[in-house]
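Undergrad: A structural model of the following input is requested.
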Amino acid sequence: MRNLHFFDKIIYVFNAIAATVLLLSFILPFLPPKTFSLLSVLSLGVPFLTLVNVLFFLYWLLKLKRQLILSLVVVTIGYVSFGSLYKFSASKNIKHPENFKVMNYNVRLFNLYDWIPEKSVETKIIDFIKTESPDVLAIQEYHPNSNIDLSSFKYKFEKLAGKKIKNGQAIFSKFPIVNSGSIEFPNTSNNAIFADIVKKKDTIRVYNIHFESLRIDPRIENLNKEESERLFKRIEKTFEMQQLQTELFLIHKKQSTYKMIICGDFNNSAFSYVYRTIKGDLNDAFQEAGNGFGRTYDFKFFPVRIDFMFVDQAFEVNGFKTYNVFNSDHFPIMATLALKEE
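TA: Prediction:
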């Protein structure tokens, strides 16, 4: 730093802080949130922290300064450990006679409380689903009402709660459902459900998970109004609850011998303990066949991917798409799958 001007020395101090925080965030997915629950929030900021470090790298590159090495090394560590934040390869679109489509969608109660100031949002969501025509549909924050017509799916399983406003998770299928159930999470309305569907001679278990929400308003002006101490305490509690919910889910999952598809709104990022633990040796359908940032949540400051679809090794992922459909605070995702020949 001796050869740097005063302004560049200040820039490098901020660069070192950003690089250190990003490096720390790479460690957190391997630590249970109950151990460092408050620090776990850094996992949500990995896309932003990565972008900041890339900008620092470009700054030093343009000035031909060796200080570029710091951010370059940290970003490289992240790439080797977790893969690229942005997928540059084109989406797969492999045609196969045994292809079937699985969609995941948090519909936010079909806009029950008019978060989106438009008419007939629930009808737009249903029309979109009918147009894309998935064979299996996993919905979080599902709220049945007279305007919701999903009769194109012959089979369904839903688990609802609430006295006045019934809501919960649902799985719809064009294939027969032969078994279904729910994994109850304590002290919350969130849960995970499953349905065993039969496709020809194969039984496939489909999970639909909705983990505890951070309940952070994505509009920055509202974030500034909340007392930071209360916000941090709530985040800390939420990450602890997510760990417990993950543990309960894994106990249930371990008991199944079927081929498996896991869908859901994890309310956490791909750089989190929850993601790493649930994924295990499964394949992330976005990583296998998607492209771009894979943004699934409407946060205007940087892309956030918190809705996932994992499949086990029995499946080929022949396509994946994230839709820019603004009928909820989440964007739907859909994977095109085919069972591998045995």
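Undergrad: Show residues contacting stretch 237-253.
TA: In this structure, residues lying in contact with stretch 237-253 by C-beta atoms under 8 Å, 6 or more residues apart in numbering are 32-34, 37-38, 40-41, 183, 185-188, 190, 192, 194, 207, 209, 211-215, 260, 262, 266-268, 273-274, 277-278. In this view, the C-beta of every residue, glycine as well, is placed from N, C-alpha and C.
Undergrad: Can you list the buried residues in that stretch?
TA: Within stretch 237-253, the residues that qualify as buried by neighbour count (16 or more other C-beta atoms under 10 Å) are 238-246, 248-249, 253.
Undergrad: For that stretch, give the mean pLDDT please.
TA: Mean pLDDT, computed over stretch 237-253, is 95.
Undergrad: Please renumber the chain so that the first residue is 35 from this point on.
TA: That works, and once the first residue is 35, the last one we named lands at stretch 271-287.
Undergrad: Put the alpha carbons of it into CSV.
TA: The C-alpha trace of stretch 271-287 is given here as CSV (Å, rounded to 0.1, in the frame of the first residue of the first chain):
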residue,chain,number,x,y,z
LYS,A,271,-34.7,-16.6,15.3
THR,A,272,-35.7,-17.4,11.7
PHE,A,273,-32.4,-19.1,10.8
GLU,A,274,-32.6,-21.2,14.0
MET,A,275,-36.1,-22.3,13.0
GLN,A,276,-35.0,-23.1,9.5
GLN,A,277,-32.3,-25.4,10.9
LEU,A,278,-34.9,-27.3,13.0
GLN,A,279,-37.2,-27.5,10.0
THR,A,280,-34.4,-28.9,7.9
GLU,A,281,-33.6,-31.5,10.5
LEU,A,282,-37.2,-32.6,10.7
PHE,A,283,-37.4,-32.8,6.9
LEU,A,284,-34.2,-34.9,6.6
ILE,A,285,-35.5,-37.4,9.1
HIS,A,286,-38.6,-37.9,7.0
LYS,A,287,-36.7,-37.9,3.7
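Undergrad: Could you report the separation of L284 from T84?
TA: 29 Å (C-beta to C-beta, to the nearest Å).
Undergrad: And the strands in this structure?
TA: 134-140, 170-176, 189-195, 201-207, 211-218, 225-233, 236-244, 293-299, 317-318, 341-345, 349-356, 367-373 (DSSP state E).
Undergrad: Out of those strands, which is the most enclosed?
TA: strand 170-176 (a mean of 27; mean count of other C-beta atoms under 10 Å).
Undergrad: and that one, which strands flank it?
TA: strand 134-140 (parallel), strand 201-207 (antiparallel) (DSSP bridges).
Undergrad: what's in contact with the last one?
TA: Strand 201-207 has contacts (C-beta under 8 Å, 6+ apart) with 143, 169-177, 184, 187-196, 211, 214, 223, 225-229, 231, 240, 242, 244.
Undergrad: picking up where we left off before, just the buried residues of the contacts of stretch 271-287.
TA: Of the contacts of stretch 271-287, these count as buried by 16+ other C-beta under 10 Å: 66-67, 71, 74-75, 217, 219, 222, 224, 226, 228, 241, 243, 245-248, 294, 296, 300-302, 307-308, 311-312.
Undergrad: Those residues in helices, which ones?
TA: Using DSSP state H, the members of the buried ones among the contacts of stretch 271-287 that fall in helices are 307-308, 311-312.
Undergrad: can you redo these as CSV with pLDDT and distance to I44?
TA: Shown next, in CSV, are these (pLDDT from 0 to 100; distance: C-beta to C-beta, whole Å):
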residue, pLDDT, distance to I44
Y307, 94, 34
V308, 95, 37
T311, 97, 40
I312, 97, 41
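Undergrad: between these, which is closest to L56?
TA: Set against L56, the nearest of those by C-beta to C-beta is Y307 (16.8 Å).
Undergrad: which residue packs closest to the closest one, ignoring adjacent ones?
TA: Distances taken as C-beta to C-beta, 6 or more residues apart in numbering put P63 closest to Y307, at 5.2 Å, once the chain neighbours are dropped.
Undergrad: So which of the strands paired with strand 170-176 is nearest D332?
TA: strand 134-140 (10.7 Å).
Undergrad: what's the angle from that closest one to strand 349-356?
TA: Here the directions of strand 134-140 and strand 349-356 differ by 40 degrees (axes from the mean of the first three to the mean of the last three C-alpha atoms, to 10 degrees).
Undergrad: if you average pLDDT over strand 134-140, what comes out?
TA: Per-residue scores along strand 134-140 average to 98.
Undergrad: what sits up against that strand?
TA: 159, 163, 166-175, 209, 233, 240, 242, 244, 295, 297-299, 341-343, 362-364, 366-372.
Undergrad: How about stretch 170-177?
TA: 134-144, 146, 163, 184, 187, 192, 194, 199-209, 231, 240, 242, 244, 295, 297-299, 364.
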